[in-house]
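*Asks:* Need the 3D shape of this:
(one chain, ligands or ions: 1)
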Amino acid sequence: MEIICLNGDFLPAEKAFVSALDQGFLYGFGLFETIFVKGGRPVFLERHLERLFRSAHTLEIPCFFSAAGLARMIEETIRKNKVKNGSLRLTLSAGVGAQAMAGHFPGAQGEKSAAVQATLVIFARRGLPYTPDQYRRGLRAGFVSARKNERSPLVGLKTLNYLENLLAKKEARARGWDEALFLNTAGNLAEGSVSNIFLVREDRVITPALDQGLLPGITRQAVLEKCAALGIEAEERVVSPQEIWQARECFLTNALMGVMPLVEVDGRMIGDGRPGAVTQKLGQVIF
Ligand SMILES: Cc1ncc(COP(=O)(O)O)c(C=O)c1O
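*Replies:* Got it, this is the predicted structure:
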């Protein structure tokens, strides 16, 4: 039986309900984190919680749980669901707004009407969405028509407004690609629909800078730190899409995939079309 942690209570999935007036449901007003569970332990937990708290502060979501409290709930959710290797999803929405509680405009958060309390949902699932074959062969991706808006206040936050990414992924799938890539409004490289992107050129690792319209991925940051530790030069900068095909290797990152080779974009091969040595090296040390 699946057990879900709802605002600190552990409930069977069929009994875990959120209010119809929750601002996460009404407006996509909320945040989430997807965390890799390895050997029953949440990987990079501190970093995920740090991003969550920082983003909650930005959006003024009143989370009354401490980081230590959240960590305990996360560990308990993993334990109760007996997840050894898999994923954990944490959702923190703005909850039911104060005005909705007072019976005014349904659920909207007015200027001074902070939510009474955030809604917290945690669940953990066994298994991962990526196969050994994908790591062996590498993924294929392509550019979708929608652009990431590098000036949007949402683009650097992992919010419940995820539909743009889902639609991009759907467009990619329909075209036979594994992942969708976004340019930003200036026509430069931003990120994937569920991942950050890296290029390897002349033994140098390159990734779009944080102001290019992308999520500051936990794995992206970990890769940059691993590069420093391994003595690999890394650059965060403006990257033009053409550079992809000048690169010797490309790879994608997210919390569940770690480091995933990217061997083809828009039907054109990258390097020799096979996972590269730097990609494989980083993939071995990332978790
Ligand atoms: C749009 C987007 N960019 C980047 C990432 C990678 O972030 P992380 O490494 O924190 O999983 C994700 C993760 O799902 C994402 O959805």
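*Asks:* how far does stretch 4-11 sit from the chain's center?
*Replies:* Using Cα atoms, centre = their mean, to the nearest Å, the mean C-alpha position of stretch 4-11 is found 23 Å from that of the whole chain.
*Asks:* same thing with stretch 249-267?
*Replies:* Relative to its chain's centre, stretch 249-267 lies at 14 Å (Cα atoms, centre = their mean).
*Asks:* Now do the end-to-end distance for it.
*Replies:* End-to-end distance of stretch 249-267 (Cα to Cα, to the nearest Å): 15 Å.
*Asks:* And residue 45, how close does it get to the ligand?
*Replies:* Counting by Cβ to the nearest ligand atom, to the nearest Å, the gap from residue 45 to the ligand is 12 Å. In this view, the C-beta of every residue, glycine as well, is placed from N, C-alpha and C.
*Asks:* Report the secondary structure element holding the residue nearest to that residue when sequence neighbours are not counted.
*Replies:* Among residues not flanking residue 45 along the chain, residue 71 sits closest, at 6.2 Å (Cβ to Cβ, 6 or more residues apart in numbering). Element membership for residue 71, per DSSP states H and E: helix 67-80.
*Asks:* re the thing from before, ok, the residue nearest to residue 45 - contacts?
*Replies:* 42, 45, 49 (Cβ atoms under 8 Å, 6 or more residues apart in numbering).
*Asks:* Could you give the number of residues near the second one?
*Replies:* The number of residues packed near residue 45 is 20, by other Cβ atoms under 10 Å.
*Asks:* Which residues of the stretch 101-250 of the chain lie near the ligand?
*Replies:* By Cβ under 6 Å from any ligand atom, the residues of the stretch 101-250 of the chain that approach the ligand are 165, 191, 194-196, 214-215, 217-220.
*Asks:* Make a markdown table out of these and add pLDDT.
*Replies:* Formatted as a markdown table, those follow (pLDDT from 0 to 100):
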| residue | pLDDT |
| --- | --- |
| 165 | 98 |
| 191 | 98 |
| 194 | 98 |
| 195 | 98 |
| 196 | 99 |
| 214 | 98 |
| 215 | 98 |
| 217 | 98 |
| 218 | 98 |
| 219 | 98 |
| 220 | 98 |
